[in-house]
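[1] Below are the sequence and a predicted model; questions follow.
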Amino acid sequence: MRARLRSISAVVVIPALSILLALVVASVLIIFSGLVGPGGELDLTLPFVAYASLLQGAFGSLRGISNTIVAATPLVLTGLSVGVGLKAGLFNIGATGQVLAGGFTAALVGVALADAPPLIAIGGAVLGGILAGALAGFIPGFLKAYTGAHEVVTTIMLNALIQLAISGLVNDVFKAQGPTFARTASVGNAVLAGLGNTTLHAGVLLAFACVPFTFWLLWRTTTGFEIRAVGANPTAARYAGMNPRRMIILTMSLCGAFAGLAGAIEILRLGYYPAVFGTSIGFDGITVALLGQAHPIGIAFSALLLGAMRAGAPLMQIQAHVPVEIIDVIQGVILIFLTAEIVVRRVFRLRAGPVETGGELQTITRSYGEKVAG
Amino acid sequence: MDALFDIPVLGFVLQFAAYLVDVITSGHIGPIVLGLATPIALGALCGVMNERTGVVNIGIEGMMLFAAYIGFMTALLLDEALAAEPGSVFGATPALVIGVVTAIVAGVLASLLHAWLSVSIRANQIISGTIINITALGLTSYLNRLIKPFGSAGTFESFNPPEALVNLPVVGWVFEMFLHVGPIAMSVIVFIIIVQILLFRSRWGLRTRAVGEHPKAADTVGINVIHLRYRNVLLGGIFAGLAGAYLTLEATGSFQNGMTAGRGFIALAAMIFGRWTPLGAFGGALLFMGSQALGVAIRLAPPPGDLGQFLAGIQETYPSIYNNFFTGLPYLLTIIVLAGVVGRSVAPAADGIPYEKESAT
Amino acid sequence: MRGITKRYPGVVANDHIDLDVKAGEIHALLGENGAGKTTLMNVLYGLARPNEGEILLDGQPVDIADPADAISRGISMVHQHFMLVPVLTVAENILLGAETMANPIFLDRGEARRRILALGKRFGFEIDPDARVDTLPVGWQQRVEILKALYREARILVLDEPTAVLTPQETVEIFAVLRRLAAEDHSIIFISHKLYEVLEIADRITVINRGRVVGTRLPAETNEEDLAELMVGREVQLTVDRGQSHPAEPILRLEGLRVRSDRGQEVVRGVDLSVRGGEILGIAGVAGNGQDELVEALTGLRRSQSGSVHLGEKEITGLSVRGRREAGLGYVPGDRQKYGLVLGFTVADNLVLTQYYGRPFARGIQRNDAAIAEWARETIEQFDIRTPSEAVSAGTLSGGNQQKVIVAREFNRELKALVLDQPTRGLDVGSIEFIHKQAIRKRDSGTAILLVSAELDEILELSDRIAVMYRGEIVGLLDGRSANKEEIGLLMATGGKGRGGASSSASPGAAATGASP
């Protein structure tokens, strides 16, 4: 039992301390914002005010907590989307495009099923979103498996293409008559409504249920074993009789499915798909996955953390006049410290950790020119 | 000729080809293509400098963005302070010039972070590059929100080549393309040629290539792999910085959040397409961005005949899709290139593998 | 070198070693894998700093900080795994780090070319400075390495296992070059674990065992048994007693197999081979003559262009890797860390790497962790794998134990046929003995075994029949017990057609286009 606790704490220490250091670094930027902002003064207590209001916004009220959970919901999914990919040695930066594809398809299906009973409407729309996301993941997966095209570049290109395609379609083909801005028609009964007074909705359960599902998949099934083997040493996996190409395609599709689900949930909450749908959950998923060390439980916690920050940021902006974009900066700095963990160790005087061979992370960097063998 | 054009499907293709030739030789499209290709080519140069020594750099996007912002803000603030008249050479003002310098410095600083993470910390280089992208996006968006700039420092002006050169019969359009542009765009071909020559004929080039292919071999003959990699990554940062400066000080006079819009990744594709050589990458940049320029051309001077009417028809019924199609062409081409070419285009062998100095048993 | 001591965490690689080398002397350093020879030379070459002891050159103590320092003092090293950049030319490789400059920026290629040609001529071989290194046969690549040293005016050359990749003919030739170098007063330190070679070439032999010098001999006063005993510290059985084999019907049959390499060239050109149950067939040949592709086609990792593979009654030519495994084909790959194991996984997971998907290890998609762990524990005991438990990661095991994991995984089931690829590369004597014994036991159980190895000794020790592979064809099939090295070496180098092949002294420009697949 004690060994278990020790191993858990060993894994949690660096991420936690990275976050701490990042907040300290961000304080400098916050103070800077005080200097440059309306008040124009050097306020050294501003970081505390800012972080306090951040906390208050996230956890200070029932509304706040529900906002946090709701913000964390899609992040769990996009975090899993990137995280499962990492386990297979793939870096899925295309979560953004997959989210859009899922959301758009969910909107269309929702419109088609707008008058059906809610369970069917929501179920159909969600399913459509999952499949669309899976397709958006399948394409880079297939390209990587059969041509060696690195998923980092193809997914980013696909992000742009999907966005352009959907925006074009919404503006020209699926535009709803009536509303002042360009968007699809209302999804009627497929909408994910809030429970009671809060913003909580059925999608929350669905998303968090994916966490134990992913854990079971990766460590208790033969498929998960194959995914992890291909991620750690694709050559040895092949020599042992596994099929890396199939695993890559399967994993990328699964990643896409997770992200598609996230998109579906967000759009169904909204009730329609706007021509300009700006969302950061795709990129946030990267932070969540890396912070959570690509482990489902870590991802769940990281999603809650990032969700809390996003939920509390508006209050921080109102009370401390710090722009919400600081959260994006904090994300980046967290990742820097996470990666350069030697700095964290030096600052907090920790002993050097066990040298992990870091299997799957090394596979990602097998860069552009490598074709995947059969 | 018209008879050929009337053939059902093939006719369209022929019309299109004739249109292309017409557009290219008329000269007007040349500078536009070069302008669009400039940040890609510079970004690809940065990529070549990095990857030839064995460091994968997908953070070019973030480096460009960061440099673009820093250059823009510096020029803006200085312009308010100095308020000079645009000079006669490229319409340069001290503010603009210093803006370029600070953009370059910003590019080098961002590269320093990447070099440190990749070479010293030996982190996964793709993650390191992604971190730079995320951080740059967040930081520039944050600062952009905080400091609300109004006005602009202006931009560099294009050089006006002498009429005699431009009006030459067959080659006139080449002069137009490479001379009727601003300073940064003009410098691109110069840098490309310089790096190409140095890479294959100089001592620096030999050592760089060796370190990228087989760092252990270089180490055993006494070359300091770590120093060389740091130096090259930082040098690459200069080009990324220049690319950023181009975006906000020459192409447009403003800054938007995330304005690099994937150019850093298209630059990577150009680099792969060009087999990690500067000249090849330049060709790739021209090819990729040429497709976007085509959209501009079609809008400015639509093709005649059936093809023109066909295109106009599409534009009327699906305006958004039509526009987005041309905007999206470079991205589509990138994917196609990556899928088709990458198997045959071989990266430096040690690309992406952090180097560990072992004292082997 | 006096009293050189070098410690690494957990092991003393060099323990107060004394070594002296005279000018114009060929001095051999003999020891088995892991004895500390390479460490000692790394210290000499500046790749490692000694904890204690000193180095004296011409009687003066020197401090060698790094390879550049060593090179400037006239010490050059030719490593076991060549330190050549494949895509660069011979001249570029030689110039690297010691560049001849026309001006501060640009290289002087003309001058470099001149010098390289002159040097080559002086020592008896001519080489094309503009040839790309990866087009050269291995023997010639080694000469490039030697030229590298000579270009830097090295007085002391250290050669680490230089004959590991050479045919017997090429070995003879390189020895001639070394003798010429010694005649011109260069000193040569020759690291090896091959007893007969050392006896042949060296003027003096120093034997190292577990980091200590255990003896220095003149070749005239010693023999193989004496040296082997010194090397290992006990009486060594130089060959495993392989007993009598009782081959039965052919089980593994290759007919007319044709395979292409990644570059599109045909590297296996119509191979016919059959291995009987209960026998070991060894394939000898210089690396790069198609053996790798043959094994890949046999195991399903590479598609063959034509021809067939039969396992017993069944044709397995079209089957996948897994399909062939299930049909009863076992395979121990050539590089245990790259191809055989997932180092990040536990020992147990590695043991089921090929069979995790069926009963009892899994039911459908769900794995049965308890069954896996139990079977792993049994296997660990049965094969004497030294590991704290089945749940530690395979990366923590020593090389020998890692190989045992792979062997246990493959051997621990009924096999019709078995392919062994470099099964004992880089292992210590104890592990080699163990694996050879296991192979013989498998043979006696009726399995047909195909052995591919670069160590001719291993082939001679175990094989009942020996096939020699040259340029994608089987050019000779010999009886394992009566064959001799010279015969095999000749076949390996020339294919039995009496031509010069890859080992002539002529410029390799012509030989290169023919000899390398």
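    Okay, I see it.

[2] and the stretch 151-300 of chain A, which of its residues are near chain C?
    A:220-223, A:225, A:228-229, A:232-233, A:235-243 (CB under 8 Å from any CB of the partner chain). Using the backbone N, CA and C atoms, a C-beta is placed for each residue, glycine as well.

[3] Check the stretch 51-200 of chain B too.
    Residues of the stretch 51-200 of chain B lying close to chain C (CB under 8 Å from any CB) are B:L198.

[4] Tell me where the model's unsure across the stretch 51-200 of chain B.
    Within the stretch 51-200 of chain B, the stretches with pLDDT under 70 are B:149.

[5] circling back to that earlier point, which ones among the residues of the stretch 151-300 of chain A next to chain C are found in helices?
    Of the positions in these, A:220, A:222-223, A:225, A:228-229, A:232, A:235-239 sit in helices, assigned by DSSP state H.

[6] Could you tell me whether A:G40 really is in a helix?
    No. Secondary structure of A:G40 (DSSP: H, G, I helix; E, B strand; the rest coil): coil, not part of a helix.

[7] what does the stretch 1-150 of chain C put close to chain A?
    Taking CB under 8 Å from any CB as the criterion, the stretch 1-150 of chain C does not approach chain A at any residue.

[8] what are the ranges of the helices in the stretch 1-150 of chain C?
    Counting by DSSP state H, counting those that start in this stretch, one finds helices in the stretch 1-150 of chain C at the ranges C:37-45, C:67-72, C:90-95, C:109-122, C:138-151.

[9] Point out the most buried one among these.
    When you average the neighbours per residue for each of these (mean count of other CB atoms under 10 Å in any protein chain shown), helix C:90-95 leads with a mean of 26.

[10] Can you list the helices and strands that it packs against?
    On a contact count with 3 or more CB pairs under 8 Å, 6 or more residues apart in numbering or on different chains; DSSP states H and E, helix C:90-95 meets helix B:203-213, helix C:109-122, helix C:138-151.

[11] The shortest one and chain C, are they touching?
    Yes. Legend: contact between helix B:203-213 and chain C by CB under 8 Å from any CB is shown at B:203-204, B:206-207, B:209-210, B:213.

[12] List only buried entries from those residues.
    By the neighbour-count criterion of 16 or more other CB atoms under 10 Å in any protein chain shown, the residues of helix B:203-213 next to chain C include these buried positions: B:203-204, B:206-207, B:209-210, B:213.

[13] where does chain C have low pLDDT?
    With pLDDT under 70 as the threshold, chain C has low-confidence stretches at C:9-10, C:33-34, C:232-240, C:496-517.

[14] Please repeat the previous calculation with a cut-off of 50.
    Under the criterion pLDDT under 50, the flagged ranges of chain C are C:499-517.

[15] before we move on, the earlier item: for the helices and strands packed on helix C:90-95, give me JSON lines that also has distance to C:L44.
    Formatted as JSON lines, the helices and strands packed on helix C:90-95 follow (distance: least, CB to CB, whole Å):
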{"stretch": "helix B:203-213", "distance to C:L44": "23"}
{"stretch": "helix C:109-122", "distance to C:L44": "23"}
{"stretch": "helix C:138-151", "distance to C:L44": "13"}
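
[16] ok so, going back, so which of the ones in helices among the residues of the stretch 151-300 of chain A next to chain C comes closest to chain B?
    Chain B lies nearest to A:A232 out of those, by CB to the nearest CB, at 13.9 Å.

[17] my guess is the closest one contacts C:V342, does it?
    Yes. Counting by CB atoms under 8 Å, C:V342 is a contact partner of A:A232 at 4.8 Å.

[18] So what's the gap between the lengthiest helix in chain A and the chain middle?
    In terms of residue count, the longest helix belonging to chain A (DSSP H) is helix A:2-36. For helix A:2-36, the separation from the chain centroid amounts to 19 Å (computed by CA atoms, centre = their mean, to the nearest Å).

[19] now stretch A:214-229
    20 Å.

[20] One more: stretch B:161-168?
    The chain centre lies 27 Å from the centre of stretch B:161-168; the measure is CA atoms, centre = their mean.

[21] go on, stretch A:271-288?
    Computed by CA atoms, centre = their mean, the chain-centroid distance of stretch A:271-288 equals 9 Å.

[22] rewinding a little: would CSV of the ones in helices among the residues of the stretch 151-300 of chain A next to chain C with distance to chain B, pLDDT and neighbour count be doable?
    Listed next are those as CSV, based on distance: CB to the nearest CB, whole Å; pLDDT from 0 to 100; neighbours: other CB atoms under 10 Å in any protein chain shown:
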residue, distance to chain B, pLDDT, neighbour count
A:R220, 27, 92, 16
A:T222, 28, 93, 18
A:T223, 25, 93, 17
A:F225, 23, 94, 24
A:R228, 17, 93, 23
A:A229, 19, 93, 28
A:A232, 14, 90, 25
A:T235, 15, 89, 18
A:A236, 18, 91, 25
A:A237, 20, 92, 23
A:R238, 18, 91, 22
A:Y239, 21, 91, 27
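
[23] got the contact list for C:L450?
    By CB atoms under 8 Å, 6 or more residues apart in numbering or on different chains, C:L450 lies in contact with C:252, C:273, C:275, C:281, C:283, C:298, C:417-420.

[24] Give me the secondary structure label for the nearest residue to it once chain neighbours are set aside.
    Distances taken as CB to CB, 6 or more residues apart in numbering or on different chains place C:V419 nearest to C:L450, at 4.9 Å, with adjacent residues excluded. Reducing the assignment at C:V419 to three states with three-state DSSP gives strand.

[25] And C:V419, how far from C:E296?
    For C:V419, the distance to C:E296 under the criterion CB to CB, to the nearest Å works out to 10 Å.

[26] And the helices of the stretch 1-150 of chain C: which comes nearest B:P330?
    Closest approach to B:P330 among the helices of the stretch 1-150 of chain C is made by helix C:90-95 (36.1 Å; CB to CB).

[27] Of C:V419 and C:E296, give the one with the bigger neighbour count.
    Here C:V419 and C:E296 are compared on neighbour count by other CB atoms under 10 Å in any protein chain shown; more neighbours surround C:V419, at 25 against 21.

[28] beta partners of the more buried one?
    In this structure, C:V419 has the following beta-bridge partners (DSSP bridges): C:Y331, C:L450.

[29] is it true that it touches C:L294?
    No. C:V419 is not in contact with C:L294 according to CB under 8 Å; the separation is 9.7 Å.

[30] overlap in contacts of the two?
    For the pair C:V419 and C:L294, residues contacting each of them under the criterion CB under 8 Å, 6+ apart are C:V452.

[31] Spell out which residues of the stretch 151-300 of chain C are next to chain A.
    C:T299.

[32] residues in contact with the residue in the stretch 151-300 of chain C that chain A sits nearest to?
    For the stretch 151-300 of chain C, the residue positioned closest to chain A under CB to the nearest CB is C:T299, at a distance of 7.9 Å. Counting by CB under 8 Å, 6+ apart, C:T299 makes contact with A:239, C:321, C:324, C:329, C:331, C:419.

[33] now it: how far from C:Y331?
    As defined by CB to CB, C:T299 lies at a distance of 5 Å from C:Y331.

[34] quick one: common contacting residues for these two?
    Between them, C:T299 and C:Y331 share these contacting residues under CB under 8 Å, 6+ apart: A:239, C:419.

[35] Leaving out sequence neighbours, find the closest residue to A:G307.
    Excluding its sequence neighbours, the residue lying closest to A:G307 (CB to CB, 6+ apart) is A:A72, at 2.9 Å.

[36] For that neighbour, which three-state class applies?
    Look at A:A72: counting by three-state DSSP, its state is helix.

[37] got it, and C:G256?
    strand.

[38] okay but it is in contact with C:Q305, surely?
    No. At 10.1 Å, C:G256 and C:Q305 do not qualify as touching, with contact defined as CB under 8 Å.

[39] Helix or strand: which one has the nearest residue to B:Y322 once chain neighbours are set aside?
    Here the nearest residue to B:Y322 in space, its sequence neighbours aside, is B:Q315; by CB to CB, 6+ apart that works out to 4.6 Å. Assessed by DSSP states H and E, B:Q315 sits inside helix B:305-317.
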